[in-house]
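Next comes the sequence, and after it the predicted model I'd like to discuss.
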2 protein chains.
Amino acid sequence: MPQGLNGAQAMLRTLVDAGVNVCFTNPGTSEMHFVAALDTVPEMRAVLALFEGVATGAADGYARMAGKPAATLLHLGCGLGNGLANLHNARKGRVPMVNIVGDHATYHVQYDAQLQSDIETVARNVSSWVRTSQSTAELCSDVVEAVATATGAPGQIATLILPADVSWGEGGVPQPPRLPAPAPVASDEVVAAIAQALQGPGKKALLLGGRALREPGLLAAARIAAQTGAKLFAEVFPTRIERGAGLPHVERIAYLAEMASVQLAGIDHLILVDAKAPVSFFAYPGKKSYLVPDSCQVHTLAAFTQDAQGGLDKLCRQLGAEQAQPALQPAVRPDRPRGKLTSEKVCKAIGHLLPERAIIVDEAQTSGVMLPLFTAGAPRHDVLTLTGGAIGQGLPAAVGAAIACPDRPVLALVGDGSAMYTIQALWTMAREQLNVTSIVFNNRSYAILNVELQRVGAAETAAGSKAKSQLDLSNPSLDFVQMGNSMGVHSVRATTVDEFVAALQRALASPGPHLIEVVVPSAIAGLKLRLLPYVLQSLAHLPQPLAKLLKKKIAP
Amino acid sequence: MPQGLNGAQAMLRTLVDAGVNVCFTNPGTSEMHFVAALDTVPEMRAVLALFEGVATGAADGYARMAGKPAATLLHLGCGLGNGLANLHNARKGRVPMVNIVGDHATYHVQYDAQLQSDIETVARNVSSWVRTSQSTAELCSDVVEAVATATGAPGQIATLILPADVSWGEGGVPQPPRLPAPAPVASDEVVAAIAQALQGPGKKALLLGGRALREPGLLAAARIAAQTGAKLFAEVFPTRIERGAGLPHVERIAYLAEMASVQLAGIDHLILVDAKAPVSFFAYPGKKSYLVPDSCQVHTLAAFTQDAQGGLDKLCRQLGAEQAQPALQPAVRPDRPRGKLTSEKVCKAIGHLLPERAIIVDEAQTSGVMLPLFTAGAPRHDVLTLTGGAIGQGLPAAVGAAIACPDRPVLALVGDGSAMYTIQALWTMAREQLNVTSIVFNNRSYAILNVELQRVGAAETAAGSKAKSQLDLSNPSLDFVQMGNSMGVHSVRATTVDEFVAALQRALASPGPHLIEVVVPSAIAGLKLRLLPYVLQSLAHLPQPLAKLLKKKIAP
């Protein structure tokens, strides 16, 4: 056992021994011993962020792709607060993460100094496990428990509050890692009942979420579908979905409750696999929140605490579907787009050019509705989405994904409004020379809120110029080329389809970070059809032949 | 009483009737009825921010200058989280504020939709008063209570959580405002005892904070000082201090505990006036946290809940000091600086040029240590500081101050590291065409953390290249000129003293927002004297003749 370590040094050793060897940081004074200890543990990579929301969003994106947690290093309650929105996204996505939140020395707390606040209350909003470490001797046991909690099923957020004197104290003793308890598989009775439902009369569907959306889960689900005729759905905002040519295609539940209800209409049996029964993202006056039809029976093959893959495999065996031929997505790309630049054509160009093994981080909101359709038959790729609905996740998650998978190209699609919450992520992309191409859809509005203003019925009463101004980002317009360049990211603007295609080709061909600002009409203002976003949204989720037909009709 | 109002409309009317007529917003879907209602209440000004930390920091700066609260409009727990750091600063500064945090409809909560989280836990970290409004009928009573709580003594943060259906429901009834309970004045006995201590033997000092740092409080304190020989101190990070030629000069307690201990050495009686006894900002191994000498007796003339001005006036009368002549700061400006550009010379140039009635928001950290010295005899001005130590407050607070005082020039001094937490504030400055000149000290490092790394003793053990890299912002360097221009703020770079002076003159002469990036050597790297920052810090707080003498010695 190493001798003479302080708390921070022993902690870093313990983290690395448990496989946590990336830490996304935004330290302050109370974290200085952690910082000083970094050089004593060469295996730990510390990635600096200029804002805590970048650090937590990057840890989220990292864990989704690496399949194991990163640590974050945050500065007291305020640093945790700044990171909270992306911790929320990680929590809702069941993504493992270990937060180290520095705090005042234990004896300093009584003085209520300027940065003193109740960190634990804030931590509880996002963390399944919160502990303020009480002594240097116990610190590493706390770390081991934090990592084991985070990496269980479901993935969870563990927040360890580290008082400065616990960090700088002598007598730290690194501890060996502990494996999380294995997740249980659905019982024989449950599997038999679900098999019976799938083999019986009526319309059936599997709703896949979480870890069921990786290749092994998709293949097992597709075999079950082939054997039983069940439909396959994915949850509305997957943590990580593997898709593209050669993998089973799964239709995502639509964001708009109106469309999700259409998707779910007539389903008699809905089998949940690491997913929850669909509910409306928001409530709307006079509309239902729970989207499953009253007559539908809901079955749970895998709750969040269970082994989703084990459940799917067991169900496969029960059905004798091990040899069933899963329907696989054929390789097909859209043509190179032509004509005026729109967000739809940007998505089409991405489908046209998407490289092998790309990682797409999709926070494009209204601008990305056509993306699933245009990339369905592209080479295999992963898509990470906004699991918790807290915008400002896209650029940071791209940072983390690129660090987890340095040999894979990352595309971050973000709306202008979304991009501005955590724009500081661009600096970390430049500092670490990450292979991320950020595509910013600049429609100069919170376009989705224009849709929502209609949907909640608010616009019908009194929406005037002040209300509209709250959704407008055109005064002044944001210049993302200067923005990106100011943080060291090579940035260009595309105002035509040709410019965009050329810029994307260049970005994908040159290592390091790139930003492409695409100036597109607002989904609303440009199309001048109040309902069109609904229709476009639904297209992305409808069976392809029907979607293609509709698309030709409405958006030639 | 108006008829047929929904909750949001009645709420806005109630806020305006209570004097809350500015709202800093970053709305989402659950706030759409509030947004739609804005046009029905023309007196309410809604100022959009691209990030919630800008909204809360602006509400802080606004209240400090307007002397009354602004409202914020935030989107569920994640929006509140993004705003938390600047709410913390406001809380520590006893600044009144009313947060309206939109939530899901009451009946939607059970479904745990994507954005669902426990908002109240987060709100408690910063709020004295938290309530989730339960019905449209009760909403306006809740609003009245929130405003009354916020505006009491001390100023507090009241957070009202507004479910979407309470907002959109019909039957809202505006309620008349309620005055907060008047703050009590110190009792006769307490005042008599303090007067006796001040008239007795030994060294005495008044420590002024909060509302005692405005002109009436300063004058009363200076009369007491003139009568009794007591020294005047201001708390280390004043919420708002009025200063400059014609006002009493008050020495601020130093940030560095080592220097604060020197300031407080030998004091026998310390009288607290809306301030707390000084403690170290952070704990340091082997150093004391509580900075008041053991032999010093601490008296409280005004606790945070009491009337500070009333206490000072009463003490004045008790001492017969009403006619004492307060020592007033003479009008004196530093000469125009010459030679190589340093952060010290930037501060000197600001002292040389500071216009009448300027508002300085000081978040310059190491770069601003000379500012108090160089502006002491400048025309009267206000200084707002980082009350809670959560960086990222400067630019947002400048937004709020400029909206509260549209006829006064605002100077925001921010370090490069600090600026990046809430850089989105620049966009709101451009959108609202605010008279703010942002001066960004680009020393390409978290310079203060280099100091702190030494102070906590961490550097002596193991600080290597990884540790140093965590404090380094030079790879890549941030370009604040492109950054400012990207958000519509006229931005220039100064690399020489002449360029800076010319840029500041131009900025002060032209309305609307400006940004000046000053490229300065790191306080540490440039001066190559490990202890110099300590000395510089102390200079800003020492009596001027001594400070001048020392300054000539060490930084000619």
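Nice, I can see it.

what stretches of chain A score poorly on pLDDT?
A:1-3, A:458-463, A:522-556 (pLDDT under 70).

Now stretch A:385-394: buried residues?
Buried residues in stretch A:385-394, counted by 16 or more other CB atoms under 10 Å in any protein chain shown: A:385, A:386, A:387, A:388, A:389, A:390, A:391, A:392, A:393, A:394. Quick note: C-beta positions are derived from backbone N, CA and C, even for glycine.

Give me the subset of the residues you listed that also touch chain B.
The subset of those within reach of chain B, by CB under 8 Å from any CB of the partner chain, is A:387, A:388, A:389, A:390, A:392.

can you redo those as JSON lines with secondary structure?
Below are those laid out as JSON lines (DSSP: H, G, I helix; E, B strand; the rest coil):
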{"residue": "A:387", "secondary structure": "coil"}
{"residue": "A:388", "secondary structure": "coil"}
{"residue": "A:389", "secondary structure": "coil"}
{"residue": "A:390", "secondary structure": "coil"}
{"residue": "A:392", "secondary structure": "coil"}
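
now those residues as JSON lines including distance to residue A:317?
Below are these laid out as JSON lines (distance: CB to CB, whole Å):
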{"residue": "A:387", "distance to residue A:317": "31"}
{"residue": "A:388", "distance to residue A:317": "35"}
{"residue": "A:389", "distance to residue A:317": "37"}
{"residue": "A:390", "distance to residue A:317": "40"}
{"residue": "A:392", "distance to residue A:317": "43"}
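
Excluding sequence neighbours, find me the nearest residue to residue A:156.
Spatial nearest neighbour of residue A:156, excluding adjacent residues (CB to CB, 6 or more residues apart in numbering or on different chains): residue A:128 at 4.0 Å.

what does the stretch 201-350 of chain A have sitting close to chain B?
A:236, A:237, A:276, A:279, A:280, A:281, A:282, A:283, A:285, A:289, A:290.

Can you select the buried ones among those for me in PyMOL?
A single PyMOL command selects the buried members of these (16+ other CB under 10 Å):
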select buried, chain A and resi 236+237+276+279+280+281+282+283+289
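
what's the closest of the residues of the stretch 201-350 of chain A next to chain B to residue A:483?
Of all those, residue A:483 sits closest to residue A:237, with 26.5 Å by CB to CB.

Who are the packing partners of the helix or strand harbouring residue A:216?
According to DSSP states H and E, residue A:216 maps onto helix A:215-228. If contacts are counted by 3 or more CB pairs under 8 Å, 6 or more residues apart in numbering or on different chains; DSSP states H and E, helix A:215-228 sits against helix A:188-199, strand A:204-208, strand A:231-234, helix A:308-319.

May I see those organised as a markdown table, with mean neighbour count added?
A markdown table is the format used below for the helices and strands packed on helix A:215-228 (neighbours: other CB atoms under 10 Å in any protein chain shown):
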| stretch | mean neighbour count |
| --- | --- |
| helix A:188-199 | 17 |
| strand A:204-208 | 27 |
| strand A:231-234 | 22 |
| helix A:308-319 | 22 |
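
Which parts of stretch A:211-225 count as buried, going by neighbours?
Neighbour-count burial for stretch A:211-225 flags A:211-214, A:217-225 (criterion: 16+ other CB under 10 Å).

Now do the contacts for residue A:151.
Contact analysis of residue A:151 by CB atoms under 8 Å, 6 or more residues apart in numbering or on different chains lists A:68, A:69, A:96, A:180.

Please name the residues that touch the closest residue in space to the last one that isn't next to it in sequence.
Nearest-residue entry for residue A:180: residue A:152, 3.7 Å, with adjacent residues in sequence omitted and distances by CB to CB, 6+ apart. The contact partners of residue A:152, taken as CB under 8 Å, 6+ apart, are A:180, A:181, A:183.

how near is the last one to chain B?
When distances are taken as CB to the nearest CB, to the nearest Å, residue A:183 and chain B turn out to be 21 Å apart.

And residue A:192, by the same measure?
According to CB to the nearest CB, residue A:192 stands 29 Å off from chain B.

In this structure that residue contacts residue A:318, no?
Yes: the criterion here is CB atoms under 8 Å, and residue A:192 meets it with residue A:318 at 6.4 Å.

So what does the residue nearest to the spatial centre of chain A look like in phi/psi?
For chain A, residue A:385 is the residue whose C-alpha lies nearest the centre (CA atoms, centre = their mean; 3.9 Å). Backbone geometry at residue A:385, expressed as degrees, to the nearest 10, gives phi -130, psi 180.

check contacts around it.
A:237, A:238, A:239, A:241, A:362, A:363.

So which of those is the closest to chain B?
residue A:237 (6.5 Å; CB to the nearest CB).

how many other residues sit next to residue A:42?
11 (other CB atoms under 10 Å in any protein chain shown).

ok, now how distant is it from residue A:19?
Separation of residue A:42 from residue A:19 (CB to CB, to the nearest Å): 16 Å.

Ok, residue A:11 next?
Using CB to CB, we find residue A:11 at a distance of 14 Å from residue A:19.

more neighbours, these two?
Each of residue A:11 and residue A:19 has its neighbours counted (other CB under 10 Å); residue A:11 has more, 30 against 13.

Make sure the more buried one is actually in contact with residue A:140.
Yes: here residue A:11 reaches residue A:140: they are 6.2 Å apart, a contact under CB under 8 Å.

Find residues that contact each of these two.
Common neighbours of residue A:11 and residue A:140 (CB under 8 Å, 6+ apart) are residue A:172.

and residue A:492, that's in a helix?
No: secondary structure assignment places residue A:492 outside any helix; it is strand (three-state DSSP).

What is the neighbour count of it?
For residue A:492, the neighbour count with other CB under 10 Å is 19.

again, but for residue A:371
For residue A:371, the number of neighbouring residues by other CB under 10 Å comes to 23.

now it, nearest residue through space, not along the chain?
Nearest residue to residue A:371, sequence neighbours excluded (CB to CB, 6+ apart): residue A:347, at 4.4 Å.
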